[in-house]
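Peer 1: Give me a model of this one.
(one chain, ligands or ions: 1)
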Amino acid sequence: MNGNLIATLLVLLLCAGATMAGVMLSDEPSDPSVITNTPNQVEEIVDEETPSEEEEEPTEEIPEEDPTDTWELLLANPSNPLPDDFEVETAPVQGDFVMDERIADVMKEMIADAKEEGVDLMICSAYRSIERQQELFDAEVAVQMNNGKSKEEAEKITATMIAIPGTSEHHTGLAADIVTPTHQTLDPEFADTDAGKWLQENAAEYGFILRYPEDKQDITEIIYESWHYRYVGVDHAIAIKENGLCLEEYLEILKEGGLEKDGE
Ligand SMILES: [Zn+2]
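Peer 2: Residues are numbered from 1 along each chain as shown. Just a heads-up that it's a prediction; the model follows:
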């Protein structure tokens, strides 16, 4: 009825639209090395992006409360065993080896890209059932006991090399042990091979991290494993690599609101 009022409302609507467009553009994480999703920003974005629709399923980019509660950041370690009913859909990645079907393609892509650069990435272990883990664990305990250790000592030593069944990342389908035809032993020297170097250089761009770094054994409770790579997603992998973290440290930081650039 009032022309001025209608014009004012139109202007307001246009402004609101521009604001929302601005928010959505800035939502794109441009620099993955810096986690800018502080809790406050997440709340803002959630408010802005849920106008009238019924609540939609939260996307991976906008975690609701716990930013670490996503499938790709699933933590399986000696202090965090997987639930007994844990299941994962798997798909082949190389030979008979299978991984979580959500990352099978990217693993195959990484292997193919390395191959194009003359580097042979050879998976020697990927998804592993809890039963298989038990067999591996028991076998190593037996070896240690043959070397004169008590059962308790043998289990303790074994647990630093082979995850206690239920706590292995290999159960998640997100981890693989990778070697190369000319160096198939699982030892620190794999890091010095072409394949080891290629992975250190490039794996993060495919979403994989070196899961058990040499200087993080106190935190991961696992020895340095130059061959064990774990999928966490590209942005997380780059942030973890650039900040020299292990997954446990990174998850703590995420829960506390994200990474900040310090010492600048
Ligand atoms: Zn492994």
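Peer 1: which bits of the stretch 151-264 of the chain sit near the ion?
Peer 2: Counting by CB under 5 Å from the ion, the residues of the stretch 151-264 of the chain close to the ion are Asp177, His228. C-beta here means a position set from N, CA and C on the backbone, and glycine is covered the same way.
Peer 1: One more pass at 6 Å, please.
Peer 2: Contact residues, the stretch 151-264 of the chain versus the ion (CB under 6 Å from the ion): His170, Ala175, Asp177, His228.
Peer 1: Out of these, the closest to Leu75 would be?
Peer 2: Ala175 (11.8 Å; CB to CB).
Peer 1: That closest one touches Trp227, doesn't it?
Peer 2: No - using CB atoms under 8 Å, Ala175 is not in contact with Trp227; the gap is 10.6 Å.
Peer 1: Compare these two and say which is more crowded by neighbours.
Peer 2: Neighbour comparison, Ala175 and Trp227: the larger count goes to Trp227, with 29 against 26 (by other CB atoms under 10 Å).
Peer 1: could I get the residues of the stretch 151-264 of the chain next to the ion as a markdown table with secondary structure?
Peer 2: Putting these into a markdown table (DSSP: H, G, I helix; E, B strand; the rest coil) gives the following:
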| residue | secondary structure |
| --- | --- |
| His170 | helix |
| Ala175 | strand |
| Asp177 | strand |
| His228 | strand |
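Peer 1: So which of these wins on neighbours?
Peer 2: That'd be Ala175 among those, by other CB under 10 Å, with 26 neighbours.
Peer 1: got a list of what that residue touches?
Peer 2: By CB atoms under 8 Å, 6 or more residues apart in numbering, the residues touching Ala175 are Ala126, Glu169, Arg211, His228, Tyr229, Arg230, Tyr231.
Peer 1: Go again with 7 Å.
Peer 2: Ala175 sits next to Glu169, Arg211, His228, Tyr229, Arg230 when contact means CB atoms under 7 Å, 6 or more residues apart in numbering.
Peer 1: go on, Gly166?
Peer 2: Pro81, Leu82, Ile130.
Peer 1: Return the per-residue confidence for it.
Peer 2: On pLDDT, Gly166 comes in at 88.
Peer 1: Quick check: the gap between it and Gly244.
Peer 2: According to CB to CB, to the nearest Å, Gly166 and Gly244 sit 29 Å apart.
Peer 1: Can you report phi and psi for Asp194?
Peer 2: phi -60, psi -40 (degrees, to the nearest 10).
Peer 1: Excluding covalently adjacent residues, which one is nearest to it?
Peer 2: Counting by CB to CB, 6 or more residues apart in numbering, Asp194 lies nearest to Val119, which is 5.2 Å off, once chain neighbours are set aside.
Peer 1: got it, and Thr180?
Peer 2: Per CB to CB, 6+ apart, closest to Thr180 is Ala195, 3.5 Å.
Peer 1: I'd assumed the one you found was in a strand, is it?
Peer 2: No - assigned with three-state DSSP, Ala195 falls outside any strand and is helix.
Peer 1: what's the burial count for it?
Peer 2: Using other CB under 10 Å: Ala195 sits among 22 other residues.
Peer 1: Please look at it and Pro181 and confirm they touch.
Peer 2: No - in this structure, Ala195 is not within contact of Pro181 by CB atoms under 7 Å, at 8.9 Å.
Peer 1: what is in contact with those two at once?
Peer 2: Common neighbours of Ala195 and Pro181 (CB under 7 Å, 6+ apart) are Asp120.
Peer 1: For this structure, which residue gets nearest to the ion?
Peer 2: His228 (3.7 Å; CB to the ion).
Peer 1: Contacts only, for that residue.
Peer 2: So His228 contacts Ala175, Asp177, Arg211, Tyr212 (CB under 7 Å, 6+ apart).
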